[in-house]
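In: mind looking at a prediction? Sequence and model below.
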Amino acid sequence: MQKKGFVYIMTCPDKSVLYTGVTSELADRVWKHKNKSYPDSFSAKYNCVILVYFLECGGIVKAITEEKRIKAGNRTQKIALINSVNPEWLDLADNLF
């Protein structure tokens, strides 16, 4: 059985930084970001604790491909992607836990 794959975007409270990641366990990964489990990581350093976008891709390989596509885009494209599903930039993690 193939693992699920998710691509996601986290941001900081002032929305000045966007972090794009990939995981097979979205709730666990978001919890780690929010609790700064890896204090030296990019997301901890820039306080990326708000989940503003995620997509289940059907498998980890597809999720990695989608992550690369999103990362290749510019900030304007990432903002448009977030706005297409979460125009108020609500913390989507509230529905995960």
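Out: It's in.

In: nearest residue to K4 other than its sequence neighbours?
Out: Leaving aside its sequence neighbours, K4 sits nearest to S24 (CB to CB, 6 or more residues apart in numbering; 5.7 Å). Any C-beta I mention is one placed from the backbone N, CA and C, and that applies to glycine too.

In: now the strands for the protein?
Out: Applying DSSP state E to the chain gives strands spanning 6-11, 18-23, 50-56.

In: would you mind finding the most buried of the ones you listed?
Out: Relative to the other members of the strands of the chain, strand 6-11 carries the highest mean neighbour count by mean count of other CB atoms under 10 Å, namely a mean of 24.

In: dump the C-alpha coordinates for that one into PDB.
Out: Listed in PDB are the C-alpha atoms of strand 6-11, where the atom choice follows Å, rounded to 0.1, in the frame of the first residue of the first chain:
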ATOM      1  CA  PHE A   6       0.800  15.900   1.100                       C
ATOM      2  CA  VAL A   7       2.300  19.200   0.000                       C
ATOM      3  CA  TYR A   8       1.700  22.100   2.300                       C
ATOM      4  CA  ILE A   9       2.600  25.800   2.900                       C
ATOM      5  CA  MET A  10       3.200  27.300   6.300                       C
ATOM      6  CA  THR A  11       3.500  31.000   7.100                       C
END
